[in-house]
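S.K.: please find the sequence and the predicted model below.
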Amino acid sequence: MKLTLTESKYLTESISIISELVNEVTLKVQKDKINIIAMDPANVAMVSFTLLSSSFADYELPKEKELAVNLEAFRQVLKRAKPTDTIILSLDEEKNRLKIKIVGTSTRTFNLSLLRLDEKEQRIPDLKFLANISLATTDFNEAIEDMSIIGDSVALTAEKEKFIMASESHLHSAKAEFPADENLSIELKSEPVTSKYSIEYLKKMIKASKLSNQISLQFSKDYPLKLDYSVKDRMKLEFILAPRISD
């Protein structure tokens, strides 16, 4: 196995974001992609990451592999790579280690011991959504920051002609409204729907805006939220977040 990545940010930034939600993951290295599916310890959020083989300058994989790694150790190594560096992943099967070579003005090599994880395989649930919103990541990020001033949760509402984000506490409230236009699309399969989610988790997830300038949101009333950050022919980073059910 020898995987050479010249656009390192798709791996480095993604692993950094995922490490805020989970501690250990299995990298499924397949013939056309690297895939991670993991659930956070509180069973509140799930993450799915796909890095396509087309992102790599060289993708030599005689046999598909499953590599279990400590995500914090992996993140610490990857963050040593500059944006212009090349990252080469290979496998030391004799010592059961993942070899990470960072090539720039110098060549640095790290060897991470692989783990033995007994956890059951995670699968993306089959979810049916009534609302699908696509908007600029900058707009969504700013609204999340606005709502975090007021409360610890945000209510998302999809209407036919606008998307609303709102938060309230015992004393205060805030609301951001986005009209449907060329910068924001709304697909709604029902009457207006509203669902509430944790701002703490969303603030971790929206860091994926470093990778894509557009975000897709899918949700239904009191139903999980799916966030999708994609770069065509490169990668996809998705999150599923459980709803906050109001009393």
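M.R.: Perfect, thanks for sending it.

S.K.: next structured bit after the helix of greatest length in the chain?
M.R.: Counting residues, the longest helix found in the chain (DSSP state H) is helix 137-148. Downstream of helix 137-148, the next assigned helix or strand under DSSP states H and E is strand 153-158.

S.K.: now that next one: buried residues?
M.R.: Applying a neighbour-count criterion of 16 or more other CB atoms under 10 Å, one finds 153-158 buried in strand 153-158. No exception for glycine: its C-beta is placed from N, CA and C like everyone else's.

S.K.: swap in stretch 107-125?
M.R.: Buried residues in stretch 107-125 (16+ other CB under 10 Å): 110, 112, 114, 122.

S.K.: residue contacts, the second one?
M.R.: Under the criterion of CB atoms under 8 Å, 6 or more residues apart in numbering, the neighbours of residue 112 are 69-70, 73-74, 77, 97-98, 100.

S.K.: same check, this time on the first one
M.R.: Taking CB under 8 Å, 6+ apart, we find residue 110 in contact with 77, 80, 99-102.

S.K.: who wins for most neighbours among these?
M.R.: residue 77 (21 neighbours; other CB atoms under 10 Å).

S.K.: and the pLDDT at residue 122?
M.R.: Confidence at residue 122, expressed as pLDDT, is 81.

S.K.: pretty sure it is in contact with residue 37, am I right?
M.R.: Yes - in this structure, residue 122 is within contact of residue 37 by CB atoms under 8 Å, at 4.4 Å.

S.K.: identify the contacts common to the two.
M.R.: Joint contacts of residue 122 and residue 37 (CB under 8 Å, 6+ apart) are residue 46.

S.K.: surely residue 215 is in a strand?
M.R.: Yes - Residue 215 forms part of a strand when assessed by DSSP: H, G, I helix; E, B strand; the rest coil.

S.K.: how much space separates it from residue 206?
M.R.: Residue 215 is 8 Å from residue 206, where distance means CB to CB, to the nearest Å.

S.K.: give me the common contacts of those two.
M.R.: Shared contacts of residue 215 and residue 206, counting by CB under 8 Å, 6+ apart, come down to 137, 140, 227.

S.K.: what's the closest non-adjacent residue to the last one?
M.R.: Counting by CB to CB, 6 or more residues apart in numbering, the nearest residue to residue 227 once its immediate chain neighbours are dropped is residue 239, at 4.5 Å.
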